[in-house]
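Chemist: Next input, structure requested:
(chains A, B, C, D, E and F, ligands or ions: 2)
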Amino acid sequence: MHDPRFLLAVVALPFLGSVIAAFLPARSRNLASSLAGVIALASAAILVAYYPLIEQGEIVRYALPWLPSLGLDLTFRLDGFTWLFAALVLGIGALVILYARYYMSPEDPVPRFFAFLQAFMGSMVGIVLSGNLIQIAFFWELTSLFSFLLIGYWHHNQSARDGARMALIVTGAGGVCLLVGLLLLGRMAGSYDLDAVLASRAAIQADPAYLPALILILIGAFTKSAQFPFHFWLPHAMAAPTPVSAYLHSATMVKAGVFLLTLLWPVLAGTESWYLIVTTTGLATLLVGAWAAIFQQDMKGLLAYSTISHLGLITLLLGLGSPLAAVAAIFHTVNHATFKASLFMATGIIDHETGTRDLRRLSGLARFMPITATLAMVAAAAMAGVPLLNGFLSKEMFLAEALESHSGTIIDVLLPYLATLASAFSVFYSVRFIHQTFFGPPPVGLPHQPAEAPPWMRLPIEILVMACLLVGVVPALTIGPLLANAVASVLGDRTPTYSLAIWHGFTTPLLMSVIALVGGATLYILFRDRLNAVERSPIIGRLKGRRTFEAVLAAIVNVARGLHERFGTRRLQVQLRLIIITALLLGAVPFWRLGYSRGPLHDTLIDPVFGLLWMLGGACAVAAAWQAKFHRLVALVLVGGAGLAVCISFIWLSAPDLGLTQLLVEVVTLILLLLSLRWLPKRLPDIWPEGRKPPKVHVRRGGDIALAVAGGTGVAALAYAMMTRPPPHSISRYFVENAYSGGGGTNVVNVILVDFRGFDTLGEITVLAIVALTVFTLLRRFRPAPESIELPDQQRRQNAFDEASEDHAMGDTLAHYLLVPRVIMQWLFPVVLTFALYLLMRGHDLPGGGFAAGIATSIAFVLLYMANGTRLVEASLSVQPVRWISAGLVCAVATGIAAWVFGYPFLTSHSRYLTLPLIGDVPLASALLFDIGVFAVVVGTTLLMLIAIAHQSIRSPRARKPAQPATPEPQAGGRA
Amino acid sequence: MKRLVPFPLLALALFAMWILLTGFSPGHVLLGALVALIVSRTMLSLRPEPPRVRIGWAMVRLAGLVLADIVRSNMAVAKIILSNPPDRHAGFIELPTDLRSPYALAVLALIITATPGSLWVQHDANRHVILIHVLDLVDETEWVTQIRERYERLLMEIFE
Amino acid sequence: MTGWLHHLIIAPILLPLLASALMLAFDERRRVLKRWLSLGASALLIVNAAALLWFTSDAGTGAVGPQVYLLGNWPAPFGIVLVVDRLSALMLLLTNVLGFTSLFYALARWDRSGPRFHALFLLLLMGVNGAFLTGDIFNLFVFFEVLLAASYGLILHGSGTERTSASLHYITINIAASLLFLIGVALIYSVTGTLNMADLATRIARTDPGDLALLEAGAAILGVAFLVKAGIWPLSFWLPRTYAAAAPPVAALFAIMTKVGIYVILRLSFLLFGEASGDAAGFANDGLLYGGLATMVFGVIGILSARQLTRVAGHYVLVSSGTLLAGLGIGGQALIAALLFYLVSSTLAVSALYLIIEPVERNADEEDMIAGVAEPVFDDEYVGAIEEEEDETGVVIPGTIAILGGGFIFCALLLAGLPPLSGFIAKFAIIDALLRAGSVGPMNWTLIGLIIVSGLATMIVMTRAGIDLLWTPGEDAPSRLSLVEVAPIGLLLAVCLALMLWAGPVMAYLEATSVALHDPAGYLAAVANAAPAGGTRP
Amino acid sequence: MEMLLSLAIGVLTASGLWLLFRPRTFQVILGLSLLSYAVNLFIMAAGRLRSDAPPIIGKDPASADPALYADPLPQALVLTAIVISFATTALLLVVLLASRGLTGTDHVDGEDGES
Amino acid sequence: MMQAPDLPTWAAIIVGLLVLGGAALTLVGALGLIRLPGFYARVHATTLGATAGMAAILLGSMLCFSIIQTRPVVHEILIALFVTLTTPVTLILLARAAIYRDRSEKASRVSSDGGAEREE
Amino acid sequence: MTSLLLALAITASQILLGLAMGCAAFRMLRGPRAQDRVLGLDTLYLTGMLLLLTYGIQTGRTLYFETALVIALLGFVGTVALGKFLMRGEVIE
Ligand code: NA
Ligand code: NA
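Modeler: Ligands and ions are numbered 1, 2, ... in the order given. Okay, here's the model as predicted:
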């Protein structure tokens, strides 16, 4: 096949299968498994179809543009090495699928399982076929994700959940490091394209970022390949269904790390740091894994540690940096995949058939399941490195390399001994694995009576064991060409001559092998009885990896919580102080850099009245600040005084509109605040007797005073600096010049509000509308505090008085109180309305306008409410504030949109004079219509808010009824 | 007419107010009339006690009396404030009244309160007694008779 | 964009305003009508935003570049202008997608937990859209107030103690920030005499040196107001709490709120204090960088210490803001483009997360779900499955859980920046840009480190939460999950998937956006040359 | 006058800030009122001080001379600001009431700590 | 700020006297607010400014603007009317409230063995 | 000359009114009881209105008239509310 496009299919097919499987019904296990199998085989078939090209040493490439500006294209790339690896992934994948079909319980909803498995397979193939560094990272993280899902497949088991989580966190974290490492690598190479990277060895190794990149990439690879000290997650991943273990821990997942190391070997290997880090890590892993495997009681645990050990071996080989070692690494990768997969599957059969994997409980199974026993024995022999099996060949290569001198360090000296020792351990646990399971007396008290597994379930093992044998016996005819392709594409012109012969004569490696075999077997015979009593591995059992993992996580969280307490707050006061401090500091920075100076203008002469005004205004403000805690009403009155000073200042500063509006707003705000005062708690005296405040309080208040004074000073300084500077050439000149000619009004401020910047006003009335709706909504569910539900003290006393005195009926005190005021206030209502209409009408030319008119109108209503009480007013008048709001908004927007009809943008005003008989020129401005909209919204909103608050007084008697004791909070729709 | 303009006095007052505010022009006469008509009708829904007012000389006489009293008491109170005589003593007086119309009572309240030195505090509708505070109380009965003679009679004439 | 099409620029503001104004005319009994009205308006807003994006990108025929709308037909520096360029079109589209999905989700039941939900919701959209469109700093203030007011209403929607208490803080803090906003605007106006952003840009270049300090002080104080909204540390403690208190669809829409602050900082810093303005710009950039890094650290700490998923989400919002601010502080064309990608992706992710939290937690057994990763799970070395009797048969996952689980995993991946959704591309693009700079400074490394750490923290916590909530077998049957709840989450995730698949064109758009931001000449020219309709005013 | 007005703004700001930092919601509301006075005057100050020059022009073109009038723009901005701060104050007030009803305290943090 | 409209001398004198007199009367009333003991006495003081003081200033204003605009300007009447209508309302309401509070305070003083009452 | 006289008279009366406002403010600050303060505020408003009227005369503009009118017509509403609150414990029943 020459069309590179099918490479995409190799990766895409498993994902497609995954999606299909996800939607299959839970019970369709035959369909799900056959579909998965077919897909794996189809992908594999495409791969096989590319073999002729690969054999010729060609590299198949297919790129789809994806993120070209960042040098990221979806690139698939197939060479000898990746072909071999992909074949392994897909081939073993197909076998695992077949195996899983029989392994998984009929009750198990396997479509989900196969969905995850295929997605995992796709991700793994994705890593292998990636022609781009980022794409590798992409699929890399996907394998972490899907392995998480696979390990946690039986998530109703605690161990599965924990194992999955640990695997994800460790490998995911490694993956992120890998991403950065690869990004650095790409930066050094000038491209993320793999071929470009592979071609820039010299540039990369000379780059100062080489070491950080190397470390980051190695962290990624080591976590994935369970290298010491990151190995601890792998044994816990055994909580996965056995087919998953067979797959993840033989050909995929853990192999991704060594795959990457092999792939990047040409550019990364050969430096001293590479040698030191990779070799040391590999060696440590090799020994630790082998040692721990000896002491496992769980068959899968033993295999897991053995996997760790073998991965260490491969890593060690890659770390050595010599081409021959690389060849051995590639070869061992393949070999390990075959025998380890078959061993896992055999373990699965035993578990399946006997109900346990405990080496201490199992015994003499060979007579119950002879075929499985045979297969397992062969595979275990391969693992131990027994001649005529594939494991022997690669281990011989390893031992030969161990004898070579690579760096002249102590590692060179120690390596032969340690390699032999590790091999002996390997023999030790292999023998134990086989002997304790299959030999000895028949087992007692197993959950199930052991029996041979169904033939289809054995078939994958048979195929794999056959492969072990064939490679072991006739390597050159079987694996030879494939390995040659792979080696050539990794090593290129550094490809060494190597021999795949079974017999090299009596060499030192052979001697080491023999020592290992004999030593391992001897050790087993010596210690076999004691092993069963071991709870955890001696020496390294103290390296409690997972415990450390959890402890580290816990420490992180505890530290985080401590820091969060320390550097965060829930308190409003602190947050407000921080905002003001920040503003003060940032506002001061420019003056600190450039210096503060007043402007060149002289102060204008102080008007004595203005001075008097602000003496009392300032006194009111300060006094209000002082009184607000214990004397709310007093503070309110004082703020009113300061407000009046502000209003008069506006007039003095040539802003009649502002004075007018501010006054009206003052009145409404005062009423609002008074309305709310009734619902606030009674002020209790200071909790500290006068003068006995704790020093902390003094300090805090002192700080607040300092901050307040600093803020006041800062704002004053800014204001002074502004006012003493000559005004810039402002855009407002245009407003004055065009207010009448273009806007049809003589009150420039109002023309700005309804025309030049009418859009602001539209937003402003929207704010009003929103706030009113919110207030209304909030008050519909308002529940006063229990002690406020009572009638105010005054009313209770007055009612009591009414009741007690003979010539008073209930409510007479109030009636007498309001008799005269009521008459006047009632008849003022139409007067105020008229005045409001007047303000509305004249706004465009003189101070006034829709807002002022609207507020005045609502004050008129408040007057009525105060005089007559809510019930009486609402019995006679029906005000529908929300309708007013709606109509006002629609009116304002419609006025704006009307301009569209004439081809002008939104809010384009139109004003002209209509000459009517008798009356003369009548100004007709669309702006007036807009202002009417504003008026309606303001009336609606102000009324809605005032009335909503006022209504609480009528509502509360209902709440006061004894029938309703403290009801639980009605949290409709809340998260209950 | 009554149906169209239910409160003619109010409408008139509003119209006058409009003209005072806007100035006299044909357009504003029309607009003012319109506003006065419409706004005065809002009182309909409030259903106030129907005011009965007799327009006549009594009103003018009352106005004159009140103005004169206000000027006089202004001087008196200013003197009190500036000299602050130690023998001044203030106090409440109770004033029985025959007035029943709330409008008449309101106008009396306005007069009493607008006159410096006296302050309407409340009217007990059950006992028909008005409570007044006086700044410089020399003779309680004199106050009572003065108010009854000078104001109450005229008010009865106008409102009842 | 000529003729009637031109009015599309203002439609994102008028459409929701009109729809909500009409809705107010109907009372609460006409719920169905209101639902259709708001959903329809919201869908139209997406179409509208997409059209604007089309017209401002190269894809649009004819009118390439920023489009200007002269309100009231007044010429540029005098009247208020709306400007839609690549950046604002992008933000509009993002906003209205979030708006639509959140609104859709709310139909499940949330819109019934209080009155006037739809009107408030649309008005929030109006405020946000307006903030993205306006080219006038005071009008920006007005739209800030619109969106804030609506957000106050929406947080309180459904009432309850926590919502009320949280909103009390939220409102107070924002009022304080608004006052700072006004002070800043006043200072800037007092020096430059203009409010139009483009006009400001040209006038600032000509500022008298003696007035410079005043101008910068104005910008700095204004900046504080934006930073409060953007959620910078230490001005953002209110944020996680407020968002957690809000109803899920509201919180999901709020995901855009911090981005409004970011947008304004982005817009104004490039327009007003671009490369030319020297020291001040450098100072501001350092501030953003350090502030952003601190925010990220605080966000990570918060994520790790969170006991509820809503808190995780809230602190993730901080991390996202911090990343953007720190990135802005470092600057550079490629980085800004990457940051914009991240902005879009993380906003969608947070929104989806807020939507999915509630149904996920609804299925959980306990109220306070995340035990926290603090408590060790393992007591010792691996012992395998030998000692525990474990059930090695899978359990059928109910459809509800499967869907939720899938959605949850996707959200987690997005947040942690893992494939296959857009979070990965965003992370890649940012780190790539940070590494591509001529010399990679220590601050670049710090930012990279924090990006990685924050991703890991998110992954750790989300894994734990997901396992606890979805995998731990519960006794109760899973509660019902309606399509109305699932569809919007799916839509958001689909958008993220699409961002991944079409990362190329998206990134090309964002790169062009970044280029235009760095060289605002096009923006300035568009505003300056916008001619009133009909030559002169009528 | 400039110095006087600056001082006035400063005093209002300082009083407002002090109240803003207090723990009782009512104090905070009053503080915000005082602060908004200060800010409104500050915006006015941005247009520089002009006495007796209200921006109400005549109808003849000659009267449309900007030099004759106080800057109208800050006035328009203040009007908008007044309205908005009125609205938000009202809202905060009602939230305060609701919070007081639900939590039983008028402390800004909803729990009575030390003041 | 020293400025004033150009008026004929006679008018200027009358206006000046009216305004000054009104202001002085108002000040006297306000002084009463300080000097007079007790709330009920102070209530009366306010009325000075609200009646004669205001009237004088309004007359001055009417005269002044009538001359400036060469037409009768009488809209100040409205202010007089409104103040006259509204001031009593406030004073009545305040005075009655004060009486009530006096009474209740006395009552609670008797009942609560003279514990210091807070202001509100 | 007459103009100066008038100016002096108006300025003097403004100062007098300013002092009157000061007296009212004194009552607001001093109390001693709430109704005293409210009375002070009411007087402050009234005097402020008169001040605005003199300002109108001084500038010869009628622009400030409406503001004065607002105080005259609506200024009392706040005082009424305060008075009612003192008497009844709430403003609108
Ligand atoms: Na009196
Ligand atoms: Na009054």
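Chemist: Apart from its neighbours in sequence, what residue is nearest the most centrally placed residue in chain B?
Modeler: For chain B, the residue whose C-alpha lies nearest the mean C-alpha position (Cα atoms, centre = their mean) is B:V107; its distance is 2.4 Å. Using Cβ to Cβ, 6 or more residues apart in numbering or on different chains and skipping the chain neighbours, the partner closest in space to B:V107 is B:L155 (6.1 Å). Any C-beta I mention is one placed from the backbone N, CA and C, and that applies to glycine too.
Chemist: give the contact list for that neighbour.
Modeler: Taking Cβ atoms under 8 Å, 6 or more residues apart in numbering or on different chains, we find B:L155 in contact with B:L62, B:L99, B:A104, B:V107, B:L108.
Chemist: helix, strand or coil for the first one?
Modeler: Using DSSP: H, G, I helix; E, B strand; the rest coil, the three-state assignment for B:L62 comes out as helix.
Chemist: Neighbours of A:L916, how many?
Modeler: When neighbours are counted by other Cβ atoms under 10 Å in any protein chain shown, A:L916 registers 12.
Chemist: For it, list each beta-bridge partner.
Modeler: Beta-bridge pairing for A:L916 (DSSP bridges): A:G920.
Chemist: OK, contacts around the residue nearest to A:L311 when sequence neighbours are not counted?
Modeler: Leaving aside its sequence neighbours, A:L311 sits nearest to A:S225 (Cβ to Cβ, 6+ apart; 4.8 Å). Contact analysis of A:S225 by Cβ under 8 Å, 6+ apart lists A:V254, A:K255, A:A256, A:G257, A:V258, A:L261, A:L311, A:T315.
Chemist: Looking at these, which is nearest chain C?
Modeler: Closest to chain C out of the contacts of A:S225 is A:A256 (14.3 Å), distances taken as Cβ to the nearest Cβ.
Chemist: Quick check: which element contains the closest residue to ligand 1 within chain F?
Modeler: Closest to ligand 1 within chain F is F:L39: 12.8 Å, counting by Cβ to the ion. Using DSSP states H and E, the element containing F:L39 is helix F:34-59.
Chemist: What about the residue of chain F found nearest chain A, how many residues nearby?
Modeler: Residue of chain F nearest chain A, by Cβ to the nearest Cβ: F:G89 (2.3 Å). Neighbours of F:G89 under the rule other Cβ under 10 Å: 20.
Chemist: How about the secondary structure of the nearest residue to D:S85 once chain neighbours are set aside?
Modeler: The shortest distance from D:S85 to any residue other than its chain neighbours is 4.2 Å, reached at D:S36 (Cβ to Cβ, 6+ apart). Following three-state DSSP, D:S36 is assigned to helix.
Chemist: packing partners for the longest helix along chain F?
Modeler: Looking across chain F with DSSP state H, the single longest helix is helix F:2-30. With contacts taken as 3 or more Cβ pairs under 8 Å, 6 or more residues apart in numbering or on different chains; DSSP states H and E, helix F:2-30 sits against helix A:608-627, helix A:632-652, helix E:9-35, helix F:34-59.
Chemist: Any chance of the ones you listed in TSV with mean neighbour count and mean pLDDT as columns?
Modeler: Formatted as TSV, these follow (neighbours: other Cβ atoms under 10 Å in any protein chain shown; pLDDT from 0 to 100):
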stretch	mean neighbour count	mean pLDDT
helix A:608-627	23	94
helix A:632-652	27	94
helix E:9-35	23	93
helix F:34-59	27	94
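Chemist: tally of neighbours for the closest residue to ligand 2 within chain F?
Modeler: Nearest residue of chain F to ligand 2, counting by Cβ to the ion: F:F76, 3.8 Å away. Residues near F:F76, counting by other Cβ under 10 Å, number 30.
Chemist: Spit out the contact partners of it.
Modeler: F:F76 touches E:T86, E:T87, E:V89, E:T90, F:D42, F:Y45, counting by Cβ under 8 Å, 6+ apart.
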